[in-house]
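Undergrad: Compute the structure for the input listed below.
(one chain, ligands or ions: 1)
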Amino acid sequence: MALSIETKCIHLEKQEQASETDTNSACSHYGSISFPIYQTATYAHPGVGKSTGFDYSRLQNPTREQLEKLVCALENGIDAFALSTGMAAITLLMELFKPGDHLIIDSDLYGGTIRLFDNVSVKNGIKFSRANCSQDNIEALITSDTKAIFIETPTNPMMNVTDISAVAKIAKRHNILLIVDNTFMSPYFQTPLDLGADVVVHSGTKFLAGHNDTLAGFIIIKRPELQEKLRFLIKTTGSGLAPFDSWLVLRGIKTLALRMEKAQASAMKIAQWLKTQKAVTSVIYPGLEEHPGHKIMKKQARGFGSMVTFRANSVEKALSILEKVHLIKYAESLGGVETLITYPTTQTHADVPEELRLKNGITPETLRLSVGIENTEDIIADLEQALR
Ligand SMILES: *Cc1c(COP(=O)(O)O)cnc(C)c1O
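TA: Model prediction:
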């Protein structure tokens with residue numbers, strides 16, 4: 001019987017499957033429950049032409065490999081790659097494309113991803129078409145140069161929901177890749193590869209690591225032909241995750257299920273509470289029945305997550321909330337145990353051209369809350385005094 005995701009987060013493999021030669025059993029030397037941090041740059045060869053399986057840590061390191069196997073198992077992929085940051089993961093992925101290649105991208109994406117595409121990928125000759133993938137006719141944008149569709153669902157920060165299997169069908173028909181940034185849901189709530197996506201990327205910095213104490217990124221693949229290409233790229237460009245950071249993410253993932261459940265339960269209560277507030281004009285949370293993506297989320301995900309976007313009734317109010325929060329920290333990032341509030345206009349999405357930002361609905365009154373795992377009433381009490 002396959003292990004459930006909560007168990008997989010803690011026990012990578014079923015006990016009877018762990019073999020002596022597997023790196024997983026490295027811990028069995030001393031009965032160590034926690035996987036060791038192999039803080040080594042290089043590895044001695046047992047003889048000429050012989051290898052322990054590890055030659056140099058830029059290529060692979062046992063702690064990183066353990067993490068890659070775990071994330072691969074959680075996302076139901078055939079292989080996973082652990083990178084130094086989420087942006088390193090997306091940057092590496094862009095190396096799969098060549099000048100003249102065309103990608104269809106969602107218009108509402110994490111600001112750093114937009115910055116990469118607009119400033120680096122375009123310079124390297126990649127062409128992009130933007131669409132609101134939750135509602136536009138994506139198929140009409142496909143040309144003979146189109147190589148991939150890149151989406152987030154729900155999007156950062158506007159929480160637009162795209163039907164992953166519907167887009168996957170379009171991608172299959174035209175033999176192009178569907179890449180899904182699954183950062184907001186984590187594999188605990190959503191596994192896009194099961195819905196037909198070819199590639200999943202993550203900012204592991206967020207829910208996977210979960211403690212706002214390290215940066216990480218992941219690429220998880222379903223297509224065998226990408227495996228060797230990506231191993232070659234990681235070896236060549238050198239953006240693999242360091243052993244200690246790999247260990248921090250391994251440790252963080254052990255509590256992924258608990259954190260996701262707790263944060264989501266609070267997010268739902270907070271979203272409902274925010275709706276009753278005079279100083280708040282709109283609350284955008286896919287767990288709310290009136291959210292346009294609610295039904296699709298119910299179909300394709302196992303939860304709604306803990307990201308809540310809302311608008312204050314004036315710019316002054318939005319700024320004063322940021323000044324007045326106390327327990328909640330005014331900080332960039334998301335997905336950690338601490339509740340954070342972000343101002344997309346000047347933080348995560350500051351480098352997105354204003355016109356695009358406003359078109360996407362990121363008005364200067366818009367705030368984004370990443371609900372943590374503190375006591376729900378304590379979070380609401382802090383918001384209550386900040387909204388006053
Ligand atoms: C934060 C984030 C990224 C970038 O990840 P880093 O680890 O900060 O480099 C990419 N996509 C989404 C959706 C994010 O929230």
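Undergrad: Going by C-alpha atoms from here, please, whenever you check contacts or count neighbours.
TA: OK.
Undergrad: Could you give the bridge partners of the closest residue to the ligand within the stretch 101-250 of the chain?
TA: With distances taken as Cα to the nearest ligand atom, the stretch 101-250 of the chain approaches the ligand most closely at Ser203, which sits 4.0 Å away. Note on Ser203: beta-bridge partners by DSSP bridges are Gly217.
Undergrad: That one: what's it in contact with?
TA: For Ser203, the residues meeting the contact criterion (Cα atoms under 8 Å, 6 or more residues apart in numbering) are 85-87, 89, 183, 215-218.
Undergrad: Recalculate using a threshold of 7 Å.
TA: If you count contacts by Cα atoms under 7 Å, 6 or more residues apart in numbering, Ser203 has them with 85-86, 183, 216-218.
Undergrad: Kindly report the same for Ser107.
TA: Ser107 makes contacts with 130-132, as judged by Cα under 7 Å, 6+ apart.
Undergrad: Could you verify that Lys147 is part of a strand?
TA: Yes: for Lys147, which was evaluated using DSSP: H, G, I helix; E, B strand; the rest coil, the result is membership in a strand.
Undergrad: number of nearby residues for the closest residue to Gly336 other than its chain neighbours?
TA: In space, not counting the residues next to it along the chain, Gly336 is nearest to Gly210; the distance is 4.1 Å by Cα to Cα, 6 or more residues apart in numbering. Gly210 has 25 neighbours, counted by other Cα atoms under 10 Å.
Undergrad: Can you give me the neighbour number for the closest residue to Thr153 other than its chain neighbours?
TA: The spatial neighbour of Thr153 that comes closest, neighbours along the chain excluded (Cα to Cα, 6+ apart), is Val161 at 5.0 Å. Here the count is done by other Cα under 10 Å, and Val161 has 23 residues near it.
Undergrad: His174 too?
TA: 16.
Undergrad: can you check Thr348 too?
TA: 18.
Undergrad: Same check on Arg311?
TA: Using other Cα under 10 Å, Arg311 is surrounded by 22 other residues.
Undergrad: quick revisit: tell me which residues touch the residue nearest to Thr153, please.
TA: In this structure, Val161 makes contact with 134, 153-155, 293, judged by Cα under 7 Å, 6+ apart.
Undergrad: can you put these in TSV and add pLDDT, secondary structure and neighbour count?
TA: Conversion of the contacts of Val161 to TSV gives the following (pLDDT from 0 to 100; DSSP: H, G, I helix; E, B strand; the rest coil; neighbours: other Cα atoms under 10 Å):
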residue	pLDDT	secondary structure	neighbour count
Ser134	95	coil	21
Thr153	98	coil	27
Pro154	98	coil	27
Thr155	97	coil	22
Gly293	98	coil	21
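Undergrad: Let me know the closest of those residues to Pro46.
TA: For Pro46, the closest of the contacts of Val161 turns out to be Thr153, at 47.6 Å, with distances computed as Cα to Cα.
Undergrad: Up against the ligand, what does the stretch 101-250 of the chain have?
TA: For the stretch 101-250 of the chain, the residues found near the ligand under the criterion Cα under 6 Å from any ligand atom are 110, 156, 183, 203-205, 215-217.
Undergrad: cutoff 8 Å now
TA: 109-110, 112-113, 152, 155-156, 181-184, 201-206, 215-217 (Cα under 8 Å from any ligand atom).
Undergrad: now swap in the stretch 251-388 of the chain and tell me
TA: 333-334.
Undergrad: What's the ChimeraX syntax to select whichever of the residues of the stretch 101-250 of the chain next to the ligand are buried?
TA: Isolation of the buried members of these (16 or more other Cα atoms under 10 Å) is achieved in ChimeraX through the command below:
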select :109,110,112,113,152,155,156,181,182,183,184,201,202,203,204,205,206,215,216,217
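Undergrad: quick one, helices of the stretch 201-350 of the chain?
TA: Using DSSP state H, counting those that start in this stretch, the helices assigned to the stretch 201-350 of the chain run over residues 225-237, 243-254, 256-275, 294-300, 315-324.
Undergrad: Please work out which of the ones you listed is packed deepest.
TA: helix 243-254 (a mean of 22; mean count of other Cα atoms under 10 Å).
Undergrad: Mind pulling up the pLDDT for whichever residue of the chain sits closest to the ligand?
TA: The minimum distance from the chain to the ligand, using Cα to the nearest ligand atom, falls at Gly86 (3.4 Å). What the model reports for Gly86 is a pLDDT of 98.
Undergrad: What residues does it make contact with?
TA: Contacts for Gly86 (Cα under 7 Å, 6+ apart) come out as 202-204, 216-218.
Undergrad: ok so, going back, give me the subset of the residues of the stretch 101-250 of the chain next to the ligand that lies in strands.
TA: Using DSSP state E to define strands, the subset of these located there is 152, 181, 201-203, 217.
Undergrad: So which bits of stretch 338-354 are buried?
TA: By neighbour count on 16+ other Cα under 10 Å, the buried set for stretch 338-354 is 338-345, 348-349, 351-352.
Undergrad: measure stretch 302-322 end to end?
TA: Using Cα to Cα, to the nearest Å, one end of stretch 302-322 lies 31 Å from the other.
Undergrad: same question but for stretch 75-93, I mixed them up
TA: One end of stretch 75-93 to the other measures 17 Å (Cα to Cα).
Undergrad: And stretch 80-98, by the same measure?
TA: From the first residue to the last, stretch 80-98 extends over 22 Å; the measure is Cα to Cα.
Undergrad: what do you get for stretch 140-158?
TA: Taking Cα to Cα as the measure, stretch 140-158 stretches 24 Å from start to finish.
Undergrad: Flag every buried residue along it.
TA: For stretch 140-158, using 16+ other Cα under 10 Å, the buried residues are 142, 146-158.
Undergrad: Same check on stretch 191-203?
TA: With burial defined by 16+ other Cα under 10 Å, the residues of stretch 191-203 counted as buried are 191-193, 195-203.
Undergrad: Brilliant, that's me finished.
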